[in-house]
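>>> Below is the sequence, then the predicted model.
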Amino acid sequence: MNPLERLNPGYFLESQDAAAEVVDFVTIIGILILSLSIIGLAGYPVLKNAQEARYIENTKLSFIILAENLNTVALGQAPSKSLELKLYGGSLKVTDESSIVINATNSTNHEITLVEQDIGNIQNSIGDTVVAYEGTGVWVKYPQDVTLNAYRPLFTNQSGALVIPVVEISGNSSVGGNGLSRIKAEGSPAISYYNNVSNVTITIKGNYVGGWKDYFENINKMGWEMSSGTGNTYTAVLNTDKNIDVYILNTKIYTEIE
């Protein structure tokens, strides 16, 4: 065959070798597309989970800073605080979903109620996980109904004196989406004093009692023991050999979210 005939397009299209090369090329492209699709489908959830985990960790750290600032208001060290939080597609809001009851036995052996009120919280959702400031502590609630204490409440029991800060969060603000949000808070504490009491019990009701349980069980040096716990209620009792004095720092903090 004349070599010039091989330059004829018709010859190339009719060539079996050319047809085989085209089939091989199409097959390779198909395999590549399929492989990339599989990698994309398998890798996206992993990347999404990693990103969400990073958002949760960032939010937890932000709430620890939030707690440290709001607690200065709760302790009367500052009249107000204002700080920014970054949102990652969830909602930031104030709720009244939690409450606290504190009882004790006085020197005449009568049970008295020291505190019985709503305490509320500030919470931020990231996917199905919620990070919250409640009772001067920070709590992280995961989808599996597991709640961890990320920042301990400011309860102290030293030298026969028990100090319990009770912070009531109020406000009806709520924002959502991405970007920066600002929280403004103000308040001042009132101090109540109860001397020579025993059998101090604290009952928490709300969505983060699993974290409260974890907190009380891990501060054994303060003498707290579990009394009862069902559903969204948990009760801890202070086990002491002698009567103590109790100081309640009750602070109503009004918050605005912008």
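Sure, I can see it.
>>> Spit out the contact partners of Ala78.
Residues in contact with Ala78 (Cβ atoms under 8 Å, 6 or more residues apart in numbering) are 69, 72. C-beta coordinates here come from the backbone N, C-alpha and C atoms, glycine included.
>>> which SS state does it fall under?
coil (DSSP: H, G, I helix; E, B strand; the rest coil).
>>> give me phi/psi at it?
Here is the backbone geometry of Ala78 (degrees, to the nearest 10): phi -150, psi 140.
>>> Break down the stretch 151-258 of the chain into its strands, ranges please.
156-158, 161-170, 174-186, 189-205, 224-230, 233-238, 244-257 (DSSP state E, counting those that start in this stretch).
>>> Would you tell me which of these gets closest to Glu52?
Counting by Cβ to Cβ, Glu52 lies closest to strand 174-186 out of those; the figure is 13.5 Å.
>>> Lowest average confidence across helices and strands of this protein, where is it?
Within the chain, no helix or strand scores below helix 9-14, which has a mean of 48 by mean pLDDT, DSSP states H and E.
>>> Output the strands of the stretch 151-258 of the chain in JSON lines; the columns should cover mean neighbour count and distance to Ala50.
Conversion of those to JSON lines gives the following (neighbours: other Cβ atoms under 10 Å; distance: least, Cβ to Cβ, whole Å):
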{"stretch": "strand 156-158", "mean neighbour count": "13", "distance to Ala50": "39"}
{"stretch": "strand 161-170", "mean neighbour count": "21", "distance to Ala50": "32"}
{"stretch": "strand 174-186", "mean neighbour count": "15", "distance to Ala50": "18"}
{"stretch": "strand 189-205", "mean neighbour count": "17", "distance to Ala50": "33"}
{"stretch": "strand 224-230", "mean neighbour count": "14", "distance to Ala50": "34"}
{"stretch": "strand 233-238", "mean neighbour count": "21", "distance to Ala50": "33"}
{"stretch": "strand 244-257", "mean neighbour count": "18", "distance to Ala50": "28"}
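>>> Among those strands, which comes closest to Ile31?
Closest of the strands of the stretch 151-258 of the chain to Ile31 is strand 174-186, at 38.3 Å (criterion: Cβ to Cβ).
>>> Can you tell me what sits against the closest one?
In contact with strand 174-186 (Cβ under 8 Å, 6+ apart) are residues 66, 69-70, 73, 79-94, 122, 253-258.
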